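Q: Model the following, please.
(one chain, ligands or ions: 1)
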Amino acid sequence: MSKSLRKAGGLVIYRKVFNEIQYLLLQASYENHHWTPPKGHLEENESDMDAAVRETEEEAGLKLQDLCVDHHFKKTLKYEPANKNFIKQVVYFLAYLTNPETPVKLSNEHQSYKWLSLQNAKEHAQYPEMQELLDECDKHLKL
Ligand code: AMP
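A: Numbers count the residues shown, from 1 in each chain. You can find the predicted model right below:
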C-alpha cells in the first residue's frame, strides 16, 4: 500500500548577534530527540505559511509581529520517518527575529532550544535534508 502524505509548515528563524547569524533549533521531547526549526502539521484549510506561523508561536512562543518573514525564500523537505506509514512534507520559510533578546518559550513538544551558528546548527541537525536547508538559508542571506 502506498504511503499517505502528511503536510507541515515551518519557519527557519535566525537572529543577528554581533553580526553573527544564529539559527533557532528546537530539540524534540519525543522519539530520537532530534533538532529542527519550529514546524507542524497543517490544519484543515490552512496554508503552509499559516501553519508555519501558528506552530512557531505554539512551539517557540515567537509571534508574527516579532518576526520579519522573507518572502523570497521557500524550500520543501520530503522525508519518510522510520517505522511510520506516511511521507512527511514540510515547507519551510525563512524569518528574521528583529529583537534578538526576544525570549523563546517552549511547549511540552520540545525539551530544549539553542541559537546556533551555521556550522553548529548543521552538527545538531542530523538529517542531510535539514543540513542542506540550513546551507541554503545561509547562502540566501549572504547573497
Ligand atoms: P518530525 O517530522 O520532526 O516531527 O519527526 C518525525 C520523525 O521523523 C522523527 O522520528 C524524526 O526523527 C524523523 N525525521 C525528522 N526529519 C527527518 C528527515 N529529514 N529524514 C528522515 N527522518 C526524519
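Q: excluding its backbone neighbours, what's nearest the one residue sitting closest to the centre of the chain?
A: Centroid-nearest residue in the chain: residue 37, 2.4 Å away (criterion: Cα atoms, centre = their mean). Take residue 37 and drop its neighbours on the chain: the residue closest to it by Cβ to Cβ, 6 or more residues apart in numbering is residue 12, 4.7 Å away. Every residue, glycine included, has its C-beta placed from N, CA and C.
Q: Likewise for residue 67?
A: residue 95 is the one closest to residue 67 (Cβ to Cβ, 6+ apart), at 4.2 Å.
Q: give me the beta-bridge partners of that neighbour?
A: Bridge pairing for residue 95 (DSSP bridges) gives the partners residue 13, residue 69.
Q: Now do it, the pLDDT please.
A: At residue 95, the model reports a pLDDT of 98.
Q: Then residue 2?
A: The score at residue 2 is 83. That number is its pLDDT.
Q: Also residue 117?
A: We have a pLDDT of 98 for residue 117.
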